[in-house]
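In: sequence? don't have it. structure:
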């Protein structure tokens, strides 16, 4: 039982913890243009990391394999409102839990009219993480955000953890049931053997 509780705790930590040096955020669909526009809908996110306000958009909102997409990133200092002027490096990694793919650099950009624009194209469906990194006065900044290409996975990390826990609990229940059944059988055999010896002893004494 201690093993089961430990597994549940580990799965809970796995599902809810985030790396300390990366700022993870979720996107929301944003339709900034009218319905007649040919521009695909984007996913827009606004957040803050350190002393910088972050705003970025992903085009299209739901990328497909072998279809070009784009990231627009805008960074301003929270106190002065001055846009970032240095380089930003964009990286990507495959977040599929069965894949141990290394992070790949997809580009390093300078701002164009205060906006960092990075194109991308993925050949396969999957869950990816786009990472934008930059430095200010020698201090590194990292922004991570998820990107699903193609059809979303039927279950996420939380669903996988719940399925693992359920399977473990079921296995423990089956093992305990077998042990209990075996103990009952051994007890019944022992009682039967004891009764037989008692009967033989009574016959011998008579």
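Out: Yep, it's here. What you see is a predicted model, and the numbers here were worked out from it, not measured in a lab.
In: so residue 93 bridges to which residues?
Out: residue 129 (DSSP bridges).
In: how many neighbours does it have?
Out: 16 (other Cβ atoms under 10 Å). No exception for glycine: its C-beta is placed from N, CA and C like everyone else's.
In: mind listing what it touches?
Out: Neighbouring residues of residue 93 by Cβ atoms under 8 Å, 6 or more residues apart in numbering: 101, 102, 103, 104, 128, 129, 131.
In: what about burial for those, which qualify?
Out: Buried members of those, counted by 16 or more other Cβ atoms under 10 Å: 128, 129, 131.
In: quick one, what contacts the closest residue to the first one other than its chain neighbours?
Out: Of all residues beyond its chain neighbours, the one nearest residue 128 is residue 147 (4.8 Å), with distances taken as Cβ to Cβ, 6 or more residues apart in numbering. Applying Cβ under 8 Å, 6+ apart to residue 147 gives the contacts 58, 63, 92, 127, 128, 129, 130.
In: Regarding residue 147, what is its secondary structure?
Out: Using DSSP: H, G, I helix; E, B strand; the rest coil, the secondary structure recorded for residue 147 is strand.
In: Quick one, grab the pLDDT at it.
Out: pLDDT for residue 147: 88.
In: Check residue 81 too.
Out: 93.
In: Please tell me how far it sits from residue 57.
Out: Distance, residue 81 to residue 57, using Cβ to Cβ, to the nearest Å: 19 Å.
In: now residue 86, nearest residue through space, not along the chain?
Out: By the measure of Cβ to Cβ, 6+ apart, the closest residue to residue 86 outside its immediate chain neighbours is residue 134, 5.9 Å from it.
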